[in-house]
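Peer 1: Here is the input, now give the coordinates:
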Amino acid sequence: METLQQEFSAESTSSTVPLAERLRYGSSFHQQLVGRIRARLDLGNRHISQRYDDWDRADEHLQLYIDLSRRARKSDRTTDPNKREMPFQRAIVVPIAHAVLQVRLTALMALFSARDPMIQLEGRGPEDVQPAKIFEALTTYDLQQMQSQLVMYGFFKNVEKYGLGIITDSFCVEPGWVQQSIPVQSPIELMIMQALNMPTTQRIWGVTREFVRWEVVDPYMFCPDPRVPGSHIQDMEFIGHGVYRAYTYLLARTQDNGGLYINVEHLRRAAHQRRDQSGRRRSTIHTGSIDLRDTADDRDRGVYLLEHLQVRLVPREWGLGDESRPEIWQFVLAEDAVIVQAERRTNEHGHFSYSVAQTDYDPHNAFAPGMVENLDGFQRLANWLYASHIENTQKVLNDALIYGPSFIEENDLLNPGPGRHVRLSRKGEELVERGMLNIPQMITQLAVTDITAGHLREVQQIYDMVQRMTGINDPASGQPTNTKRTLGEIDRILVSSSRRLATQAHMYDAQAIQPLVLRMIADRQQYTSREQFVRISGRLAQELKQERLLTTRDNIQGNFDYIPVSGTMPPDPERGAESWVDLLTLLSKAPQLIQPGPDGRVLDFRWVFKQFATARGIKDIEDAYIQVMPPGAMQAGVQAGNMIPPGMAPPGGPIPGAGIPGRVVPGGIPGGPPRNGVPRI
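Peer 2: Model prediction:
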C-alpha cells in the first residue's frame, strides 16, 4: 500500500495535470487503475456467472427449444453423463412457461400503463403542488423520448424470467448536427441576405435533445458486489454492467466533441491485444463473432464491449484527487484494456444509478430464482410426458406384423404407399379357395397397448399446479373454465388472481420504480440546461390559461417534496373520470343536492361537468359554451323590433325595417361572440 501511495504521489494527484492526460493509454497510472477495475469486474462476474446455467434453461423454455444432447440432471444439481434428459429422436415443448409469462406480463403492463402519464407526481405540501405539475410534464417528455413502454416491458420480462431485473438511468445529452440561425447585425443585413438568396441558417455540431434515459441491463452483463445482498444495492462498494457500442458512438462523445470519452483512438490497437474474456462475460445478444468478414471495408472500426463500473471510493487512496471522504466515481473500461471514462459522479442524489428488482424479494440473499426458473421442473416433466406419448404413438403406428412369406407377396408389405394393394401369393390364393385358411390367419398385427394414454391428463394436472403456483387461471388467460361457473364465481377468481399480481407489482414498484423516479427528478433539477416547451393539462392549464409551458432550469429549482405515483398506487380521485361520473350520477338521482342549502350556497353543476370533461381528456370544453341573452333582454329586443321569436323568421333572412342590419339569429345575438378567435357571421 505504501509503494502504491508513493507511486500516486509521483503522479501528482493534486497537481494541475488534467486527469485525462494522466490516464493516457499505456501510462503506469492507467495500468494501475485498469487493475483495480478488473479486480472488481472479475469478482462480480464470478458470482453472477453461477446463475448462467439456470438462466439458460429458462431461456430454452421461452424459446420453445429442447437440447436433445443435454444430460439428465440429478436432484443435487449435478448431471449424469450416461443418461440423456430427453431420450428421444425429437421432442416438443409444451408452452406452459411461455403462456404463464405472457399472461403475467400483460397484467403487469396493464397495471403500470393504466395511467396517463405513466408516472404521475403529487406535491406533498401546498408549495409543491404547482412545481409537481411542471415536473410531471417534463417527466412525461422523458418517458416519451426513452420509449418507456419498451423499457418497462423488457424490465418486467427479465425479472419474471431470471428473477432479476435491472434498469440503469442517466441524464442523456445527445450530440449531433443541428440547424442554427446565422447571427445578423441588423434587419438590413437580414434583408440583404434574403434578397441575395443567401442561407440564413448554418449546420453546427451541438445538442439535439436532452432527457433522462432508462436502459434495461442484460442480466448476463450485470456486475454487482456479491458481498452485499442484492436488494441493498446502494450499500454496495461497486456495481456495473456491460454493453456493446459502435466506434462511431464513442467518437461522437469524445471530449474533443464535447463529450466525456478519452483514449478512443487507441481502441483498435488494444482490441487486438486484449486478454481472453470468454469465461468472464456473456451476453444474450452476441453469441458468436461480431466482426465483419469477407468485406473490403478497411475503414470499419468495429463494435466494442464497454464495461461500466460505479465505485464508492476515497479519491486520495486511488490517486484520483485529494479528497479523503468517499465519493462515487464512474469508470468505463473498453475491451478490458482501455479506460475511456473516469470521472467523479456529480449527481446530487448521491446514489448509484441502478435499480434492481427480484421476483421473490429476499433482504438477506444475493439473488432469488425467477418465476420461469421455479417452473423448470414442471416444464421439463411436461415436455417428457408429451414427448414420450408422441414416441409411443409412433411405435404403435409402425408396429410389427406377423405374416407368412409364402402366403403374402412380401414386396407389397415392404414398400408401402398411399392406396397400396397387398396381393396374396399363388399358394395363399389356393388355401383361401379351399377354405383351409382365411386372410387374418395369414397376416396379423401384434397386439399393442398405449401405456402413455394418461400422459396428457398428467400434463393438464401439471398445468393446474403451475396456475396455482403463479396466480394465473383460465379466466385471466382469456380461456373458458373447465367446469361451469357462475359470473360471481368467475369474478371472485379474477379478483384473487389480480390481487396476487398486484402484490407482485407493488414489490417491483417499491424495489425499482420509486427510487428510479426520485433519481430522475433530482437529475432533471440538476442537469437541465435547455429551454423547452412541454404540454400541460388539468388544473395547472386552467390556472395558467395555456396548454404549452416553457420550462427552464430556473423554474424547476427548489426544495420540492414529490410523491411518485405509478400504476400500482390508488388513483387520485380528482384525475379519474370515474369519480366524476359517479358524482354526476348521484346528482341526477338526488336533485335536492343542487338546491341552495341553509347557508345559501348552491352546488355549481356546470363546474362539476367541466371537471368531468377535463378528466376525460376533453381540452376545449370552454369552446362548447355560447353567449345567450337573458330572457328580459330578449323580450325587450322583440318589442323594439330588433328580434323576433324563434320559428317566425322569414326565409329571406333580414327583416325590412329592423333596427339592426344583417342576419338575425333567433333568440340570440347577431353573429355571437367570436369562437377560437374567428368572428361568427
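
Peer 1: could you pull out the helices for the stretch 401-550 of the chain?
Peer 2: 410-414, 426-434, 439-442, 455-470, 487-508, 514-527, 538-544 (DSSP state H, counting those that start in this stretch).

Peer 1: Just send the ones you listed back as JSON lines, with distance to Phe156 too.
Peer 2: C-beta coordinates here come from the backbone N, C-alpha and C atoms, glycine included. Shown next, in JSON lines, are these (distance: least, Cβ to Cβ, whole Å):
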{"stretch": "helix 410-414", "distance to Phe156": "57"}
{"stretch": "helix 426-434", "distance to Phe156": "70"}
{"stretch": "helix 439-442", "distance to Phe156": "63"}
{"stretch": "helix 455-470", "distance to Phe156": "14"}
{"stretch": "helix 487-508", "distance to Phe156": "7"}
{"stretch": "helix 514-527", "distance to Phe156": "14"}
{"stretch": "helix 538-544", "distance to Phe156": "29"}
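
Peer 1: tell me which residues in stretch 434-443 are buried?
Peer 2: Met442, Ile443 (16 or more other Cβ atoms under 10 Å).

Peer 1: what does that stretch contact?
Peer 2: Leu401, Ile402, Tyr403, Gly404, Phe407, Ile408, Leu413, Val422, Leu424, Gly428, Leu431, Val432 (Cβ atoms under 8 Å, 6 or more residues apart in numbering).

Peer 1: per-residue confidence for the first one?
Peer 2: As predicted, Leu401 sits at a pLDDT of 79.

Peer 1: Can you get me a residue count around the residue nearest to it when sequence neighbours are not counted?
Peer 2: Leaving aside its sequence neighbours, Leu401 sits nearest to Gln445 (Cβ to Cβ, 6 or more residues apart in numbering; 5.4 Å). Applying other Cβ atoms under 10 Å, we find 11 residues neighbouring Gln445.

Peer 1: what does the one 5 residues further on give?
Peer 2: When neighbours are counted by other Cβ under 10 Å, Asp450 registers 12.

Peer 1: What separation do you get for it and Phe88?
Peer 2: Separation of Asp450 from Phe88 (Cβ to Cβ, to the nearest Å): 16 Å.

Peer 1: Domain map for this protein?
Peer 2: The chain breaks down into these domains under automatic domain parsing: 2-374, 577-639.

Peer 1: Quick one: those domains as TSV, columns for mean pLDDT, distance to Asp464 and mean neighbour count too.
Peer 2: Shown next, in TSV, are the domains of the chain (pLDDT from 0 to 100; distance: least, Cβ to Cβ, whole Å; neighbours: other Cβ atoms under 10 Å):
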stretch	mean pLDDT	distance to Asp464	mean neighbour count
domain 2-374	84	11	16
domain 577-639	66	36	12
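
Peer 1: so which of these gets nearest Gln532?
Peer 2: domain 2-374 (7.4 Å; Cβ to Cβ).

Peer 1: And Trp205, its phi and psi?
Peer 2: phi -90, psi 120 (degrees, to the nearest 10).

Peer 1: and it, what does it touch?
Peer 2: Contacts of Trp205 (Cβ under 8 Å, 6+ apart): Pro175, Gly176, Trp177, Val178, Asn257, Gly258.

Peer 1: Glu531 versus that one, what's the distance?
Peer 2: 20 Å.

Peer 1: Next: Gly230.
Peer 2: Separation of Gly230 from Glu531 (Cβ to Cβ) stands at 41 Å.

Peer 1: now do Met152
Peer 2: 29 Å.

Peer 1: Identify the bridge partners of Val243.
Peer 2: Leu306 (DSSP bridges).

Peer 1: right, and it touches Val332 too?
Peer 2: No - with contact defined as Cβ atoms under 8 Å, Val243 does not count as touching Val332 (9.6 Å).

Peer 1: List the residues that contact His30.
Peer 2: Contact partners of His30, counting by Cβ under 8 Å, 6+ apart, are Arg22, Leu23, Arg24, Ile339.

Peer 1: And Thr346, by the same measure?
Peer 2: Neighbours of Thr346 in contact, by Cβ under 8 Å, 6+ apart: Gln526.

Peer 1: try it again with 10 Å
Peer 2: Residues near Thr346 by Cβ atoms under 10 Å, 6 or more residues apart in numbering: Glu327, Ile328, Gln330, Gln526, Tyr527.
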